[in-house]
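Peer 1: Everything below, folded, please.
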Amino acid sequence: MLNPKSGEYPQKTIVHAYGYGDLAALGLGTALDSRVLLLEPLLDRLGSLFVGALDRLLRRKARVYATARHVWNSDEDALAFLHAPHAMLGGQPPLEVAMTELGARRVETLLWRLFYGIAA
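Peer 2: Numbers count the residues shown, from 1 in each chain. This next block holds a predicted model:
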């Protein structure tokens with residue numbers, strides 16, 4: 001895992017290494033970077049705990065994005081799906097639901113149901 005003080009955040013490595021697009025598309029752009037900077041004093045105490053949680057969140061969102069891109073076969077369509085509220089997710093956008101592991105599984109299940117033509 002990378003050190004957030006080094007200037008290289010885990011999300012950059014994860015998102016770009018797997019070719020999942022940029023952070024803004026996943027809803028994790030400059031807002032996340034500024035939150036990390038605001039929390040810098042807290043990082044001294046929590047360090048690896050925070051980085052580990054951030055790493056898991058970013059991997060989860062990247063996994064959901066990769067699934068959506070596969071299902072829709074288009075970056076634009078996948079992003080439109082991920083940012084639009086969906087009735088099967090309680091009217092929430094899939095990226096918001098994917099903040100937890102359970103929510104990410106719900107989004108992935110919905111995507112695979114769409115892919116295979118199963119009534120969602």
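
Peer 1: Identify the residue nearest E108 in space, chain neighbours excluded?
Peer 2: T67 (5.3 Å; Cβ to Cβ, 6 or more residues apart in numbering). In this view, the C-beta of every residue, glycine as well, is placed from N, C-alpha and C.

Peer 1: which ones are touching that neighbour?
Peer 2: V107, E108, L111, W112 (Cβ atoms under 8 Å, 6 or more residues apart in numbering).

Peer 1: Could you measure from it over to L82?
Peer 2: 10 Å (Cβ to Cβ, to the nearest Å).

Peer 1: what's the answer for A98, then?
Peer 2: Taken as Cβ to Cβ, the span from A98 to L82 is 8 Å.

Peer 1: any residues in contact with both of those two?
Peer 2: V64.

Peer 1: Tell me, please, where in this protein the pLDDT is lower than the cut-off.
Peer 2: For the chain, the stretches flagged by pLDDT under 70 are 1-50, 120.

Peer 1: 50 instead?
Peer 2: Applying pLDDT under 50 to the chain picks out residues 1-5, 7-21, 29-38.

Peer 1: going on from the host helix or strand of the residue nearest to E108, what's the next piece of helix or strand?
Peer 2: Using DSSP states H and E, T67 sits in helix 40-72. Once helix 40-72 ends, the next helix or strand along the chain (criterion: DSSP H and E) is helix 75-83.

Peer 1: quick one: buried residues of that following helix?
Peer 2: A78, L79, F81, L82 (16 or more other Cβ atoms under 10 Å).

Peer 1: and the two most separated of the residues you listed?
Peer 2: L79 and F81 (7.2 Å; Cβ to Cβ).

Peer 1: Quick check: neighbours shared by those two?
Peer 2: A68.
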